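**Q** Provided below for reference: sequence and predicted model.
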Amino acid sequence: MIHTGVKLADILFFDIETVPEFKTLADFQTNGGARYKAWAIRLKEKTEPEGFEELGLYAEYSKIVCISVGVLGSKKGLRIKSFIGAEGTILENFNAMLAGLPPRISFYSGHNIKDFDIPFIIKRCSINGAEIPRFCQIYGRKPWELGHILDTMEIWKCGAYRGGISLEVLAAVFNLPNPKEHTEELSVHELYKSEGGIGKVVMYCEDDVLTQANVYACITGQEIIKREK
């Protein structure tokens, strides 16, 4: 096991889901302005559907449609909550939830959050004029000042600079359920556009949070947990 010195009960696990800000490629072409012109170079290197789907990975072109969080509940299961709606409302409610956390929860965990989720939240808060969560303030901080961030991808690298492994692969390594088993191999954007879309996105996001918590438990030699109902 890898010793982090942090118990599951002291951690907020979280995940975000993002989709392109524009509904279709045609919408992007018509209303994207300078952003479309900058992206058009990338579109030449890929098929148009591939290039459009990739917009969801960049905060300058996309938006957060769901943030799911999980904390260990009184019954020793993971209590999960999701925030959806207008992006500004999602960020506002996320901040309100953070402000109401008990003092024992002083660590924040997810998979690849240092490279994706946290920078994305910072940028979208800036764009929406929302308060940037205090735990996300990582710019200019030294590595030893970021002990409150427990990124399972980074922990699993064991100090290596390469070897980033997906959450699905780690779940398989530790014989955990595949967090993507309900998605029919669709992207988040495709789920979002499908019938009952936001509900499917929420399920996708919440499954990731539970898997993140159990991957962390496996890595650190703690007991696997179930979702608290």
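**A** Okay, I see it.
**Q** Please parse the chain into its domains.
**A** 8-17+68-220, 22-60 (automatic domain parsing).
**Q** what's the most buried one of those?
**A** Of the domains of the chain, the one with the most neighbours on average (mean count of other C-beta atoms under 10 Å) is domain 8-17+68-220, at a mean of 17. Heads up, the C-betas are built off the backbone N, CA and C, glycines and all.
**Q** end to end, how far does it reach?
**A** Chord length of domain 8-17+68-220, first to last residue, is 10 Å (C-alpha to C-alpha, to the nearest Å).
**Q** that older thread, make a markdown table from the domains of the chain and add distance to residue 226 to it.
**A** Shown next, in a markdown table, are these (distance: least, C-beta to C-beta, whole Å):
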| stretch | distance to residue 226 |
| --- | --- |
| domain 8-17+68-220 | 5 |
| domain 22-60 | 30 |
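**Q** a markdown table please, covering those and showing mean pLDDT and distance to residue 1.
**A** Compiled in a markdown table, the domains of the chain are given as follows (pLDDT from 0 to 100; distance: least, C-beta to C-beta, whole Å):
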| stretch | mean pLDDT | distance to residue 1 |
| --- | --- | --- |
| domain 8-17+68-220 | 92 | 6 |
| domain 22-60 | 82 | 32 |
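**Q** between those domains, which gets nearest to residue 2?
**A** For the domains of the chain, proximity to residue 2 was assessed by C-beta to C-beta; domain 8-17+68-220 is nearest, at 5.3 Å.
**Q** how distant is that closest one from the center of its chain?
**A** 4 Å (C-alpha atoms, centre = their mean, to the nearest Å).
**Q** Show me the helices in this structure, by range?
**A** Here the chain has its helices, by DSSP state H, at 25-31, 34-44, 48-53, 87-99, 118-128, 152-157, 167-173, 188-193, 197-220.
**Q** For the residue lying farthest from the centre of the chain, list the residues it contacts.
**A** Using C-alpha atoms, centre = their mean, the residue of the chain lying farthest from its centre is residue 30. It sits 29.5 Å away. Listed by C-beta atoms under 8 Å, 6 or more residues apart in numbering, the contact set of residue 30 is empty.
**Q** Make a markdown table from the helices of the chain and add distance to residue 68 to it.
**A** Shown next, in a markdown table, are those (distance: least, C-beta to C-beta, whole Å):
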| stretch | distance to residue 68 |
| --- | --- |
| helix 25-31 | 27 |
| helix 34-44 | 28 |
| helix 48-53 | 21 |
| helix 87-99 | 10 |
| helix 118-128 | 13 |
| helix 152-157 | 16 |
| helix 167-173 | 13 |
| helix 188-193 | 12 |
| helix 197-220 | 4 |
